[in-house]
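Novice: Based on what follows, work out the 3D shape:
(chains A and B)
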Amino acid sequence: MISAKRLIEMAKKWQNMAARKRKRISYARNEADMKSSSVNKGHFVVYSNDHKRFVIPLKHLTTNVFRELFKWSEEVFGLPTNGPIMLPCDSVFLDYAISLVQEQIPEDVEKALITFMYACQNEASSSFHYLRQNNEPIIIYGF
Amino acid sequence: MNYLTTCFRPRVVRYTRSGSDSGGKQDGLLWYKDLGKHLNGEFSMAVVQANNLLEDQSYLESGSLSSNDSGPYGTFFGVYDGHGGPETSRFINDHLVHHLKRFAAEQQTMSVDIIRKAIQATEDGFMSLVAKQWSMKPQIASVGSCCLVGVICDGTLYIANLGDSRAVLGRAVKATGEVLAVQLSTEHNAAIESIRHELQASHPDDSNIVVLKNNISRSIGDVYLKKAEFNREPLYAKFRLREPFKKPILSSEPSISVHQLQPQDQFIIFASDGLWEHLSNQEAVDIVQNNPHSGIARRLVKSALQEAAKKREMRYSDLKEIERGIRRHFHDDITVIVVFIDSNLVSSASNVKFNNISVRGGGVNFRPNTLAPT
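Specialist: From the prediction side, this is the model:
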């Protein structure tokens, strides 16, 4: 099991990585804007629990990180019925997760992330809230 | 009604035994048989897999409905939507029709009683299997299945149901030319208020009664919710109920209805809830009414998937490329059987030879860790 201190260290590292990537794509959109626009080919959509919409390349569906995120979502919300797929984590966490997947993360970091998700399944989600330091726009992937 | 009975009963039909299965095609996770002939008309079947192991099972057999190849003659069709794993739905598919044919051979007829006994025998058989495998494979106690069965025989349509699959009849209205959707099956889903009341009334001491897996109140299997001796270790704690129960929580008693077929009864749509969560009864009936018979089940599946893609805010062309397993987050396994009822064909077909036919939906059943065909 990983200690809380080690987790926070890792989270900070991920946050820096995500912040670097954020410079590349930077426009924010809200839910209403996105619903009216057509969906990009080759992408799927998930929402974080703070209602941010993420458009993600389909190839990421097969990664361990997304498999675990989906499993976690099923535990918390059940399978989606009439609406889009909701993940039980907030947009900051999802941001990190996506940037890690895009970076082709090292195995040990992936393991740590998945361990963290398991831990969260037993507690309330959004444990990463305290790490949020600014109100940067959310990254929309796939553009 | 007598004239109809005669009209649906083939008089000089010679039955020859053919090999089982009349083929179907596989295209990725979609299996389909676009058009086949049963004793009273045509049929079309389609199955799309979303779970890692296909949990929906389905079957159609037409010709002799008796184990000794004599009467009664007719068409049997079933949709079995499993949950917690594929074991129960596969078990039903392997056994129910044989029980039915055995009882029908004994009594030389078809009846509500025969269908009820066949379902009961299937449930009992699965219970014995669970008891046998319990020590080695306790998870088997937490696997279950919905069960929807239709039988057309001598101008009568029997529908038996446990769970939330649905049978819908398309009935022509002469005056207007419309085809109306008439739901034939009773659903047992705790999301429906009357079902919730039924459960609470039959379990006055149990406060947990409506917290059920999949909200289903009747099923085959789910033995851990029917017999308290299986609601304990070694079954994983997450499946077990905390409080012991005295009465079975789920019932295995089917709702059975009987309809005398009328000339205006055009077709029956049989489908698992994977279809009905995306299409209304009337939408499905309109699609069948306004399109060619061949490929109609596949068209219904496609319409449901298009609707699912819309809800998940993605393209249909992308949705259908998602691999099994992770795909269950986008839609459920979907099984559709459309059975057309052609009274003209049946009355004039009395001298035509009809070969027994049997089709098992879904074709190949993948084992874990094997790759789906591309």
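
Novice: Does the residue of the stretch 1-150 of chain B found nearest chain A lie in a helix or a strand, and which?
Specialist: In the stretch 1-150 of chain B, the residue that lies nearest chain A is residue B:50 (9.6 Å; CB to the nearest CB). C-beta: built from backbone N, CA, C; applies to glycine. In this structure, residue B:50 sits in neither a helix nor a strand according to DSSP states H and E.

Novice: Phi, psi for it please.
Specialist: Dihedral pair for residue B:50: phi -120, psi -40, per degrees, to the nearest 10.

Novice: I'd say it and residue B:327 touch.
Specialist: Yes: contact criterion CB atoms under 8 Å: residue B:50 and residue B:327 qualify, at 4.3 Å.

Novice: shared neighbours of the two, anything?
Specialist: Common contacts of residue B:50 and residue B:327 (CB atoms under 8 Å, 6 or more residues apart in numbering or on different chains): residue B:29.

Novice: For residue A:22, give me the pLDDT.
Specialist: For residue A:22, the pLDDT comes out at 46.

Novice: now swap in residue A:138 and tell me
Specialist: In this prediction, residue A:138 has a pLDDT value of 37.

Novice: how about the residue of the stretch 1-150 of chain B closest to chain A, what does it touch?
Specialist: B:29, B:274, B:324, B:327, B:328, B:330, B:331, B:332, B:333, B:334.

Novice: Can you tell me which of the residues you listed has the most neighbours?
Specialist: Using other CB atoms under 10 Å in any protein chain shown as the neighbour test, the contacts of residue B:50 are led by residue B:334, with 29 neighbours.

Novice: which residues does that one contact?
Specialist: B:46, B:47, B:48, B:50, B:56, B:271, B:272, B:274, B:275, B:301, B:304, B:305.

Novice: Please, which helix or strand holds the residue in chain A that chain B sits nearest to?
Specialist: Closest to chain B within chain A is residue A:45: 4.2 Å, counting by CB to the nearest CB. Remark: residue A:45 resides in strand A:43-47, with elements defined by DSSP H and E.

Novice: Residues in contact with that strand: which ones?
Specialist: Contacts for strand A:43-47 (CB under 8 Å, 6+ apart): A:39, A:53-58, A:61, A:69, A:84-87, A:94, A:142, B:312-314, B:318, B:322, B:330.

Novice: and the following helix or strand past it, what does it pack onto?
Specialist: Of the helices and strands lying after strand A:43-47 in sequence (DSSP H and E), the nearest is strand A:53-57. Under the contact definition 3 or more CB pairs under 8 Å, 6 or more residues apart in numbering or on different chains; DSSP states H and E, strand A:53-57 sits against helix A:31-36, strand A:43-47, helix A:91-102.

Novice: ok, 7 Å please
Specialist: Contact partners of strand A:53-57 among helices and strands, from 3 or more CB pairs under 7 Å, 6 or more residues apart in numbering or on different chains; DSSP states H and E: strand A:43-47, helix A:91-102.

Novice: what angle do it and strand A:43-47 make?
Specialist: Between the axis of strand A:53-57 and that of strand A:43-47 there is an angle of 150 degrees, by axes from the mean of the first three to the mean of the last three CA atoms, to 10 degrees.

Novice: Kindly list the single helix or strand of the chain that scores lowest on mean pLDDT.
Specialist: Using chain A here. Between all helices and strands in chain A, the lowest mean by mean pLDDT, DSSP states H and E belongs to helix A:31-36, at a mean of 46.

Novice: meant chain B, my bad for not saying
Specialist: Going by mean pLDDT, DSSP H and E, chain B bottoms out at strand B:15-16, a mean of 38.

Novice: Contacts only, for the residue nearest to residue B:270 when sequence neighbours are not counted.
Specialist: Distances taken as CB to CB, 6 or more residues apart in numbering or on different chains put residue B:337 closest to residue B:270, at 4.2 Å, once the chain neighbours are dropped. Applying CB atoms under 7 Å, 6 or more residues apart in numbering or on different chains to residue B:337 gives the contacts B:43, B:45, B:58, B:60, B:77, B:79, B:270, B:297.

Novice: And residue B:165, by the same measure?
Specialist: Listed by CB under 7 Å, 6+ apart, the contact partners of residue B:165 are B:79, B:81, B:146, B:148, B:271, B:272, B:273.

Novice: so which of those is the most crowded?
Specialist: Neighbour counts for these, by other CB under 10 Å, peak at residue B:79, which reaches 33 neighbours.
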